[in-house]
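Undergrad: how does the following fold in three dimensions:
(one chain, ligands or ions: 1)
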Amino acid sequence: MKDSKIILIGTGAVGSSFAYASTLLGVGRELGIIDINEDKVEGEVMDLTDAISFTKPKNIYKADYSDCKDAEVVVITAGAAQKEGETRLDLVDKNLAIFKEMIGKVVDSGFDGIFLIASNPVDILTYATWKYSGFPASKVIGTGTTLDSSRFKKEIAGLIGIDPRSVEAFIMGEHGDTEFPVWSHTNIGGLPIYEWVRNQSELDEKALLDTFEKSKNAAYEIIKKKGATFYGIGMALTALVRAIIDDENSVYSTSSYLKGEYGLDDIYLGVPTIIGKDGAKWVIEIPLTDIEKENMDKSAQTLKDIIDESHL
Ligand code: NAD
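TA: Next up, the predicted model:
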């Protein structure tokens, strides 16, 4: 396996944002790009390589599936995008068919690295990738609620005037309508958010609760205004690939396989997970309140129903 070799499948808005962010930040030494739209790949390669006299050296090229063989990570952002008024779950059937074919080709190349999935519905497509590939579950990860948690941190940080990186907060569950905030473990510098509210009498509690709704609805709002969301997810993917390539053991709320954690089994969901060179090293089991546990079960049931319906 070649160190720091990334293959990106799908270079639409999300894929190209990931390619750009990871190039600017010097993540990976090699980036091969695959898409059914070959002109788009050629254009992206030309455009991206125009930036590399300003960045760390990087070999960026149009790839084919045989190039996956010795890659460390295969990032998948291919598929139909979410349209206005369409839920992420509406995309299931369209994208399952695309995935079956793509994953088969990646596996046939001899690929033995980490699959990182961003295409929606991400929890279902990550589960499908695990099934179609036959890989150990730890080597198949979805972006899950990584982006949602980042949006949540941004909203809380903006409200209370603090660096988003200093807010410890997770959104868990489905990357979609049943996701939920883990208020019981949200803290700033170790101070639980409840204590923060108690100490700051001028803080508007309703505005704080609204930070979750804003985070949850951000994708719909952005899609309404500009047609698609891509910078946030491009950076989330870059952070996850960096965690894998640099064996960071960083914690992100990826879509990870559960086998008993949170009382759930045989499902991929957004949960805090330690990410390193072997993929999902460890799912962190946060003690949830009764309401949070109920939300988690509801989210899991929603996804299980879809998995059952699609005969995965
Ligand atoms: P897009 O339509 O701009 O790009 C999709 C790309 O996939 C296109 O370039 C298309 O040619 C390519 N493609 C389609 N079928 C293919 C195949 N069989 N093989 C190779 N390439 C193929 O869409 P986008 O805005 O980039 O979104 C991509 C995906 O990412 C969508 O599923 C979207 O919902 C998802 N997304 C996820 C998150 C997240 O947090 N996980 C955030 C934003 C978007």
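
Undergrad: all contacts plus neighbour counts: C-alpha atoms, from now on.
TA: Fine.

Undergrad: could you list the buried residues of whatever helix or strand Tyr252 lives in?
TA: Per DSSP states H and E: Tyr252 is located in strand 250-259. Judged by neighbour count using 16 or more other C-alpha atoms under 10 Å, the buried positions of strand 250-259 are Ser250, Val251, Tyr252, Ser253, Thr254, Ser255, Ser256, Tyr257, Leu258.

Undergrad: right, is that strand up against the ligand?
TA: No - if you take C-alpha under 6 Å from any ligand atom as the test, strand 250-259 misses the ligand, and the best it gets is 9.5 Å.

Undergrad: so how far is that strand from its chain's centroid?
TA: Taking the mean of its C-alpha atoms, strand 250-259 sits 10 Å from the chain's own mean (C-alpha atoms, centre = their mean, to the nearest Å).

Undergrad: begin at 476 from now on, thanks
TA: In the new numbering, first residue 476, that becomes strand 725-734.

Undergrad: what does it contact?
TA: Residues outside strand 725-734 that contact it (C-alpha atoms under 8 Å, 6 or more residues apart in numbering) are 597-598, 601-602, 612-613, 615-621, 624, 645-647, 715, 718, 739-751, 755, 758.

Undergrad: what mean pLDDT does it get?
TA: Averaging pLDDT along strand 725-734 yields 98.

Undergrad: then stretch 583-602?
TA: 97.

Undergrad: buried residues of it, list them for me.
TA: Across stretch 583-602, burial judged by 16+ other C-alpha under 10 Å covers 586-602.

Undergrad: which of the residues you listed come close to the ligand?
TA: Within the buried residues of stretch 583-602, those near the ligand by C-alpha under 6 Å from any ligand atom are Ala593, Ser594, Asn595, Val597.

Undergrad: for the second one, what are its contacts?
TA: Ser594 makes contact with Ile551, Thr552, Ala553, Gly554, Ala556, Leu600 under the criterion C-alpha under 8 Å, 6+ apart.

Undergrad: touching, the third one and Ala488? I think so.
TA: No - under the criterion of C-alpha atoms under 8 Å, Ala553 is not in contact with Ala488, lying 9.9 Å apart.

Undergrad: the two - which one has more neighbours?
TA: Per other C-alpha atoms under 10 Å, whichever of Ala553 and Ala488 has more neighbours is Ala553, with 25 against 17.

Undergrad: check the burial of the closest residue to Ser728 other than its chain neighbours by counting its neighbours.
TA: Residue nearest to Ser728 in three dimensions, not counting chain neighbours: Pro747, with 4.0 Å by C-alpha to C-alpha, 6 or more residues apart in numbering. Neighbourhood size, Pro747 [other C-alpha under 10 Å]: 25.

Undergrad: for the one 10 residues further on, same thing?
TA: Here the neighbour count serves as a burial measure; for Trp757 (other C-alpha under 10 Å) it reads 15.

Undergrad: so where does it fall, helix or strand?
TA: Using DSSP H and E, the element containing Trp757 is strand 754-758.

Undergrad: for that strand, packing partners?
TA: strand 615-617, strand 725-734, strand 740-751 (3 or more C-alpha pairs under 8 Å, 6 or more residues apart in numbering; DSSP states H and E).

Undergrad: residues making contact with the helix or strand following that strand?
TA: Counting by DSSP H and E, the next helix or strand C-terminal to strand 754-758 is helix 765-784. Helix 765-784 is contacted from outside by 598-599, 647-649, 653-657, 737, 739, 742, 744, using C-alpha under 8 Å, 6+ apart.

Undergrad: now the angle between strand 740-751 and helix 765-784, please.
TA: The directions of helix 765-784 and strand 740-751 differ by 110 degrees, with axes from the mean of the first three to the mean of the last three C-alpha atoms, to 10 degrees as the criterion.

Undergrad: tell me the buried residues in helix 765-784?
TA: Under the neighbour-count criterion of 16+ other C-alpha under 10 Å, helix 765-784 has Glu767, Lys768, Asn770, Met771, Asp772, Lys773, Ser774, Ala775, Gln776, Leu778, Lys779, Ile782 buried.

Undergrad: do stretch 700-720 as well
TA: Residues of stretch 700-720 classed as buried by neighbour count (16+ other C-alpha under 10 Å): 703-720.

Undergrad: distance from the chain centre to the helix or strand where Leu523 lies, please.
TA: Using DSSP H and E, Leu523 sits in helix 513-524. Here helix 513-524 is found 24 Å from its chain centre; the criterion is C-alpha atoms, centre = their mean.

Undergrad: and stretch 625-635, by the same measure?
TA: 18 Å.

Undergrad: what parts of the stretch 576-725 of the chain come near the ligand?
TA: Residues of the stretch 576-725 of the chain lying close to the ligand by C-alpha under 6 Å from any ligand atom are Ala593, Ser594, Asn595, Val597, Thr618, Leu622, Ala703, Thr704, Phe705, Ile708.
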